[in-house]
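**Q** Sequence isn't available, so here's the structure alone:
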């Protein structure tokens, strides 16, 4: 059976992206591999073995068009309201907290935050299927 190990996004500014993902989600650089025309940076934390791969293409100056196919990455947190307040204090401008119900029961409690390159990250309260 296959095991999900990482998701990759292309970013313009290595330092800016590393700072954002560290501040927002406590992701640290697990590995950095430089090639002639691009660099791969793998970010992770102790919560999971899944990694976020940042790809920086040397010489790229224009923002990447996100297109219509990309949706979002998602992370789960123990206390959503505390994370929202923390990100607000850090100036990361999280969106409003949304409560999504189904059949009269809480399905998900979440908000979105946007990284420096425009990628949306859903921050969801650990509950039900979102552990």
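**A** Received, thanks. Since this is a predicted model, take the numbers as computed values, not measurements.
**Q** And the strands in the protein, which stretches?
**A** 6-10, 28-34, 38-45, 48-57, 73-77, 98-102, 105-114, 120-125 (DSSP state E).
**Q** Walk me through the domains of this protein.
**A** Annotated domains of the chain cover 1-60, 70-131 [automatic domain parsing].
**Q** May I see these arranged in a markdown table, with mean neighbour count and mean pLDDT as well?
**A** The C-beta positions use only the backbone N, C-alpha and C, and glycine is treated the same way. Converted to a markdown table, the domains of the chain look like this (neighbours: other Cβ atoms under 10 Å; pLDDT from 0 to 100):
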| stretch | mean neighbour count | mean pLDDT |
| --- | --- | --- |
| domain 1-60 | 14 | 93 |
| domain 70-131 | 14 | 94 |
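**Q** who are the neighbours in contact with residue 109?
**A** Neighbouring residues of residue 109 by Cβ atoms under 8 Å, 6 or more residues apart in numbering: 80, 97, 98, 99, 100, 124, 125, 127.
**Q** The first one touches residue 113, doesn't it?
**A** No: proximity of residue 80 to residue 113 does not meet the contact threshold set by Cβ atoms under 8 Å, at 11.8 Å.
**Q** nearest to residue 22, of the strands of the chain?
**A** Comparing the strands of the chain by their distance to residue 22 (Cβ to Cβ), the top pick is strand 28-34, with 6.4 Å.
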